[in-house]
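> Have a look at this fold, sequence not included:
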């Protein structure tokens, strides 16, 4: 049978400095509230930004080029193999592939249907990076027909200026039927291919031809073996990853701002919320310190009684356990109140500010509950350890 | 086989002084004393009287045995274990289960009542039911003081409270440090009778240190400190 703590309780002069005890409880509640709210907001930001970004196959594909400034204008701003290797090696980048340009002159002619001919550019990209790949998008040496994947954006632009040039506006289906002739001229020769549009790409803003065709043509017509590119496509799980944005900024790479705008906002908001969370943590630490001063004072004032209890055979570990246990209900109450407030805040945020958006939950995230449990355990263990240390000093 | 059992029985619950001497005593104190610097073994059931004039280290000896001070050379062993190697929890068990004490300076909770002082000790390791507190208090003439704060009681009443407190737990050795200094001979005899009865119930030993010999303590061994 273990002794009852009730009889012992009177021996502890807990009445001392009640104000400091209450201040510590209030401090703990405020700190806890700040920490839990910022944790919840952190989760909210994460969830909102993730959902607003349209992703394909779980990945984002972003085109990256070097930022052209007055300082680097006129220099070679193309990507070297080392640059691409560096991109690939980043943990937040799953893959990277260069957009290879043509090195020879290309003149496109749409024949009689559309009396229009123009110098164009061709690019090639690894098939993994292209959103729409029909089975006809292949080329073998000797093949007369070169398939093209056309940028949906470029078609839109064409349709905008076509009427002013007395050219017909085209639907994607009609555009696919146009027979285009490609006259490719290089230092080493000239060759004419037939071509047609096999698909439209929303992702790649270019005219894409099969990679082996471009490599072959660059070599055969212009004598160029390896080509450096000005654009690189990267494949990442999250275009809004703050680490990725930081890395790209550091390297002075320019990217599609539209796609990363939510990520930039997230970066700022996360910084703000993190600062709030750290502040909350500091307040909690201060509150715990204040409470530890209060406990030290109680123990110092009850020193004679505690010493006598130890002298007549009470175990210091039993005493510290029971002394620390006394404050557990208040601690749990304080922490649960902070949790209740956080829940209220989350509901209000969801309902009044976000108008019940489905990607957000009106309830607190599980990580907040985990934080609550951890903080209760932390406070109890910290108190118990301190009381025990002080009591062993009295032995 | 029987011999082994007897040996084990004797090796347990023995108090052993190995050349014990307070560090603040001179070596020659050993020559005058039956205890300092000697090798002595006390077994359960023995009644030990230690006659100790003022300044001979009586309270020091009680404190050394009870583990409250460690300023000595030599060893105090209980159950073949050196007590100066005990940790705080070991001492708590030692004082809760095996050793009880009546301090010369009593050491009561001054702001608690006589009953609370006794109950705090009783509930730690109850040897008696709660009713026994009242019975013992009545027997020693402090029944009416149970609800009085200790600091209001006379020194004699406090001394009787301390005596009853020491009898509310199990023990193998009861250490007494001038337990009757403020009692008249009638009250002292009543208290002694109660202590002897309680020691007998536990087959325990009493180590009784006082300034002079007391006739109503039936000692089996006598030492001059």
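On my side now, so go ahead. Keep in mind the model is a prediction, meaning the values are calculated, not measured.
> nearest residue to residue B:171 other than its sequence neighbours?
Nearest non-adjacent residue to residue B:171, counting by CB to CB, 6 or more residues apart in numbering or on different chains: residue B:100, 4.1 Å away. No exception for glycine: its C-beta is placed from N, CA and C like everyone else's.
> The nearest residue to residue B:109 once chain neighbours are set aside - how many residues pack around it?
Excluding the flanking residues, the one nearest residue B:109 by CB to CB, 6+ apart is residue B:117, at 5.5 Å. Each residue near residue B:117 was counted by other CB atoms under 10 Å in any protein chain shown, and the total is 27.
> wait, residue B:117 sits on residue B:106?
No - using CB atoms under 8 Å, residue B:117 is not in contact with residue B:106; the gap is 9.8 Å.
> Where does pLDDT dip in the chain?
Using chain A. Applying pLDDT under 70 to chain A picks out residues A:1, A:14-17, A:49-58, A:113, A:256-264.
> My question was about chain B, not that one.
Judged by pLDDT under 70, the stretches of chain B that qualify are B:1-12.
> Would you mind naming what in it lies close to chain A?
Counting by CB under 8 Å from any CB of the partner chain, the residues of chain B close to chain A are B:68, B:88-89, B:91-96, B:107, B:109, B:112, B:116, B:119-121, B:123-126, B:165, B:169.
> 7 Å instead, please
By CB under 7 Å from any CB of the partner chain, the residues of chain B that approach chain A are B:68, B:88-89, B:92, B:95-96, B:107, B:109, B:112, B:116, B:119-121, B:123-124, B:126.
> Heading C-terminal from the longest strand along chain A, find the next helix or strand.
Of all the segments of type strand in chain A, defined by DSSP state E, the longest one is strand A:189-201. Next in sequence after strand A:189-201, counting helices and strands by DSSP states H and E, comes strand A:207-208.
> tell me which strands and helices the next helix or strand after that following strand is in contact with?
For strand A:207-208, the following helix or strand on the C-terminal side (DSSP H and E) is helix A:211-222. In terms of contacts (3 or more CB pairs under 7 Å, 6 or more residues apart in numbering or on different chains; DSSP states H and E), helix A:211-222 is packed against strand A:180-186.
> Name the residues that touch the strand it packs on?
Applying CB atoms under 7 Å, 6 or more residues apart in numbering or on different chains, the external contacts of strand A:180-186 come out as A:104-111, A:146, A:190-196, A:217, A:221-222.
> Repeat the analysis, applying 8 Å as the threshold.
Strand A:180-186 has contacts (CB atoms under 8 Å, 6 or more residues apart in numbering or on different chains) with A:102-111, A:122, A:146, A:148, A:190-197, A:217, A:220-223.
> Taking the residues you listed, please make a ChimeraX selection of just the buried ones.
In ChimeraX, this line selects whichever of the contacts of strand A:180-186 come out buried by 16 or more other CB atoms under 10 Å in any protein chain shown:
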select /A:102,103,104,106,108,109,110,122,146,148,193,195,196,197,217,220,221,222
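> on that earlier part again, next, show the common contact partners of residue B:117 and residue B:106.
Common neighbours of residue B:117 and residue B:106 (CB under 8 Å, 6+ apart) are residue B:161.
> re earlier: and the longest strand of chain A with strand A:180-186, angle?
Angle of strand A:189-201 versus strand A:180-186, following axes from the mean of the first three to the mean of the last three CA atoms, to 10 degrees, is 130 degrees.
> Off-centre distance for strand A:189-201?
When distances are taken as CA atoms, centre = their mean, to the nearest Å, strand A:189-201 is centred 39 Å away from the chain's centroid.
> and if you look at stretch A:183-202?
In this view, stretch A:183-202 has its centroid 40 Å away from the chain centroid, taken as CA atoms, centre = their mean.
> Would you check that residue B:64 makes contact with residue B:20?
Yes - under the criterion of CB under 8 Å, residue B:64 makes contact with residue B:20 at 6.7 Å.
> shared neighbours, the two?
Taking CB under 8 Å, 6+ apart as the contact rule, residue B:64 and residue B:20 both touch B:72, B:76.
> follow-up on the earlier one: which secondary structure elements does the longest strand of chain A contact?
Packing contacts for strand A:189-201, counted by 3 or more CB pairs under 8 Å, 6 or more residues apart in numbering or on different chains; DSSP states H and E, involve strand A:145-151, helix A:152-161, helix A:172-177, strand A:180-186, helix A:211-222.
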